[in-house]
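In: my questions are about this predicted structure, shown below with the sequence.
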Amino acid sequence: MSKTNQHDIELNLMDEVFAQYGEEKGALIPVLQKAQALYGYLPPEVLQHISRRMKIPVSKVYGVATFYAQFYLERRGRHVLRLCDGTACHVKGTPILLTALEDHYHLQPGETTEDNELTVEIVYCLGSCALAPVAVFDGTVMGRMKQKTLLNTIKKRTDLK
């Protein structure tokens, strides 16, 4: 089993991905997508492994991974909460929701709980202004969000209390 010491990343998980895509340079984005699906993010060791296996300069692999918003270079939580802070959502209560998260979980936007259970992200428009304030929890849109409802949803769907 091929592991690195720093994060115990199992690089052999990528073997099936390389078997599917080979070393085809045009397959870099699908390979990065599959890698992120396997690890939850793109650790440096994985990006370097992709570079070696696909014979692409590591600078190009990093360049693609940092260009597209769909890729994450830092570990994210098992659950992801996105809060809209566009104008309508901001006016209707997103700052209050953020305060609740900070008070209860000591979590700021862009941060992940120490146990990697929850990541909180800010987005600036979800296109659901009539439902403001809007949160998206693990892909489920929740409108007219209130502090208590948000905290209860997190407690119910995660291992956090």
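Out: Now that the structure is in, tell me what you want to look at.
In: and Ala88, how many neighbours?
Out: Neighbours of Ala88 under the rule other C-beta atoms under 10 Å: 18. Using the backbone N, CA and C atoms, a C-beta is placed for each residue, glycine as well.
In: what of Gly93?
Out: Other residues within reach of Gly93, judged by other C-beta under 10 Å, total 19.
In: Tyr124 now?
Out: Around Tyr124 there are 10 residues (other C-beta under 10 Å).
In: shouldn't Ile80 be within a strand?
Out: Quick fix: residue 80 reads Val, not Ile. Yes: assessed with DSSP: H, G, I helix; E, B strand; the rest coil, Val80 lies in a strand.
In: spatially, what comes nearest to it if we skip its sequence neighbours?
Out: Nearest residue to Val80, sequence neighbours excluded (C-beta to C-beta, 6 or more residues apart in numbering): Thr119, at 4.9 Å.
In: contacting residues around that neighbour?
Out: Contacts for Thr119 (C-beta atoms under 8 Å, 6 or more residues apart in numbering) come out as 76-77, 79-81, 111-113.
In: using the three-state scheme, assign the most centrally placed residue in the chain.
Out: In the chain, the C-alpha nearest the mean C-alpha coordinate belongs to Arg76, at 4.9 Å (C-alpha atoms, centre = their mean). Here Arg76 is recorded as coil under three-state DSSP.
In: that one is in contact with Tyr41, isn't it?
Out: Yes: Arg76 is in contact with Tyr41 according to C-beta atoms under 8 Å; the separation is 5.5 Å.
In: surely Val141 meets Gly127?
Out: No: shown here, Val141 and Gly127 do not form a contact pair, counting by C-beta under 8 Å, at 10.1 Å.
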